[in-house]
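In: Structure here, sequence nowhere to be found:
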Ligand code: FIX
Ligand code: ZN
């Protein structure tokens, strides 16, 4: 945790001064790092999504429009052009009814943050605003408006388009974009991953025979050398088990965990997805399931030399994740993921984390898929976190404990990602 020298700093006197200090800090502190996003630096071209139509066709809003305007089926929606999809969502979810959901409010928060006329509801004006800027200029604008220093990308060597860019252009040069090596296929669809690794020159067999596990580790080390990742990650189903009689256990034990340990980076199991429960909705069709916290406990207990950066998708797993983190110092809970990234649930999760873990966690990640979401997801999250911390610091002050702005600032920096950077020594 970041330690600030606060011995001589002025003590905040009274609830109002404390509340004002927490508000100023939460609203203005520079975000050290957003630990999980699906954003890309400008060199990745169309892989980086940005602008009005991408904001409005975010898969969260596709799910909402499918239920709100049933005159258009998902199949009919996906047959539309991106612009037609955005027009349909704007009319159905913003004009025809109050855009009161979190994902809809987020679009409007972005437009307001850019100084656009939200009340005017003129989407051609919004489109012109984005059309008048280059992606490089817009990245600069978004990082400035979001007051964000760095984001962690989700870098997938199994994605053909992304892999080609890494192989052709080499290391990332925009220091605002850190990397994470995403390796779902190794753990979730080994039968698909194996022939691809073989095609890329790794001597791997479907039944893990021979030196398959050594070759998987070599694949990971090769990509770690290419990307310089701050963690390795995989999104795992709600029913993912460890250990089990599936290839995922030896691949974890003999390849992923040793590679992370050798590299000095955490492995990040992101657990709780129930894939494509509504196939017609495609990316918007994933749901959530409560996972077995025992899987997280066994990963941490059986691999004490490795650190685990863990986010779980089910609200019902959050309290037990806090308790598990009390048992395993190599477990770092992070973020309010996906269906949890809503003010009411961020509030609940952050309160129980502070009460059980103090400040030894990472309060949030944005999971942004569209660059502009960095603005709204953090404006909204800063407010949720502010409310929790105000209460908690007032409770602390009521004991007579002296509080200073410097100490609170150090605490908040840690919760907003500084704890992750300190944890990995970056
Ligand atoms: O696996 C993940 O990283 C998830 O965050 C995504 O698959 C998901 O679609 C998402 O973007 C949720 O916010
Ligand atoms: Zn994600």
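Out: Received it, and whenever you're ready, just let me know what you need. All values reported here derive from a predicted model rather than from experimental measurement. Ligands and ions are numbered 1, 2, ... in the order given.
In: What is the end-to-end distance of stretch 225-242?
Out: Terminal residues of stretch 225-242 are spaced 28 Å apart (Cα to Cα, to the nearest Å).
In: Which residue comes closest to residue 386 once chain neighbours are left out?
Out: Closest residue to residue 386 apart from its sequence neighbours, by Cβ to Cβ, 6 or more residues apart in numbering: residue 26 at 3.8 Å. (Glycine included, C-beta is placed from N, CA and C.)
In: The one you found: how many residues sit nearby?
Out: 23 (other Cβ atoms under 10 Å).
In: Quick check: the gap between it and residue 413.
Out: 11 Å (Cβ to Cβ, to the nearest Å).
In: repeat for residue 305
Out: Residue 305 is 28 Å from residue 413, by Cβ to Cβ.
In: Of these two, which one has the most company?
Out: The neighbour comparison of residue 305 against residue 413 (other Cβ under 10 Å) goes to residue 413, with 21 against 9.
In: Am I right that the more buried one is in a helix?
Out: Yes. Under DSSP: H, G, I helix; E, B strand; the rest coil, residue 413 sits within a helix.
In: Could you list the low-pLDDT ranges of the stretch 1-150 of the chain?
Out: 1-7 (pLDDT under 70).
In: Pull up the residues of it that are close to ligand 1.
Out: Applying Cβ under 6 Å from any ligand atom, one finds that the stretch 1-150 of the chain approaches ligand 1 through residue 38.
In: need the helices for the stretch 1-150 of the chain, in chain order.
Out: 14-28, 52-56, 59-68, 74-78, 82-89, 102-113, 123-131, 135-145 (DSSP state H, counting those that start in this stretch).
In: ranking those by burial, who's on top?
Out: Most buried of the helices of the stretch 1-150 of the chain, by mean neighbour count (mean count of other Cβ atoms under 10 Å): helix 52-56, with a mean of 24.
In: Pull the residues that contact it.
Out: Applying Cβ atoms under 8 Å, 6 or more residues apart in numbering, the contact partners of helix 52-56 are 82-83, 85-86, 89-90, 107, 110, 123, 126-127, 129-130, 370, 372-373.
In: likewise stretch 94-109?
Out: 55-56, 58, 60-61, 64, 68-69, 93, 118, 121, 341-343, 373, 375-377, 379-380.
In: if you set the cut-off to 10 Å instead, what comes out?
Out: Contact with stretch 94-109 is made by 52, 55-56, 58-65, 68-69, 89-90, 93, 116, 118-119, 121, 123, 126, 341-346, 370, 372-373, 375-380, as judged by Cβ atoms under 10 Å, 6 or more residues apart in numbering.
In: so how many other residues sit close to residue 401?
Out: By the criterion of other Cβ under 10 Å, residue 401 has 10 neighbours.
In: Distance of it relative to residue 16?
Out: Distance of residue 401 to residue 16, computed by Cβ to Cβ: 17 Å.
In: The residue in the stretch 1-150 of the chain that ligand 1 sits nearest to: what's it in contact with?
Out: Relative to ligand 1, the nearest point of the stretch 1-150 of the chain is residue 38 (5.8 Å; Cβ to the nearest ligand atom). Residue 38 makes contacts with 47-49, 151, 153-154, 156, 182, 366-371, 373, as judged by Cβ under 10 Å, 6+ apart.
In: let's see it at 6 Å
Out: When contacts are counted by Cβ atoms under 6 Å, 6 or more residues apart in numbering, residue 38 touches 154, 369.
In: chain center to stretch 202-217, what's the gap?
Out: Distance, stretch centre to chain centre, for stretch 202-217: 31 Å (Cα atoms, centre = their mean, to the nearest Å).
In: ditto for stretch 227-244
Out: What separates the centre of stretch 227-244 from the centre of its chain is 14 Å, taken as Cα atoms, centre = their mean.
In: Give me the residues contacting stretch 285-297.
Out: Looking at what lies outside stretch 285-297 - Cβ under 6 Å, 6+ apart - the contacts are 238, 241-242, 271-279, 310, 313-314, 316-317, 320, 324, 339.
In: again with stretch 60-74
Out: Residues from elsewhere that reach stretch 60-74 (Cβ under 6 Å, 6+ apart): 89, 92, 93, 103, 280, 281, 284.
In: burial measure for the third one, as a count.
Out: In this case it means residue 93. 23.
In: if I look at it, how far off is residue 277?
Out: Between residue 93 and residue 277 the computed distance is 22 Å (Cβ to Cβ).
In: hey, where'd the strands end up in this protein?
Out: 151-152, 177-178, 180-182, 231-237, 267-274, 287-288, 308-312, 331-333 (DSSP state E).
In: Output these in a markdown table, with distance to residue 204 appended to each entry.
Out: Listed next are these as a markdown table, based on distance: least, Cβ to Cβ, whole Å:
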| stretch | distance to residue 204 |
| --- | --- |
| strand 151-152 | 28 |
| strand 177-178 | 28 |
| strand 180-182 | 17 |
| strand 231-237 | 17 |
| strand 267-274 | 20 |
| strand 287-288 | 32 |
| strand 308-312 | 25 |
| strand 331-333 | 30 |
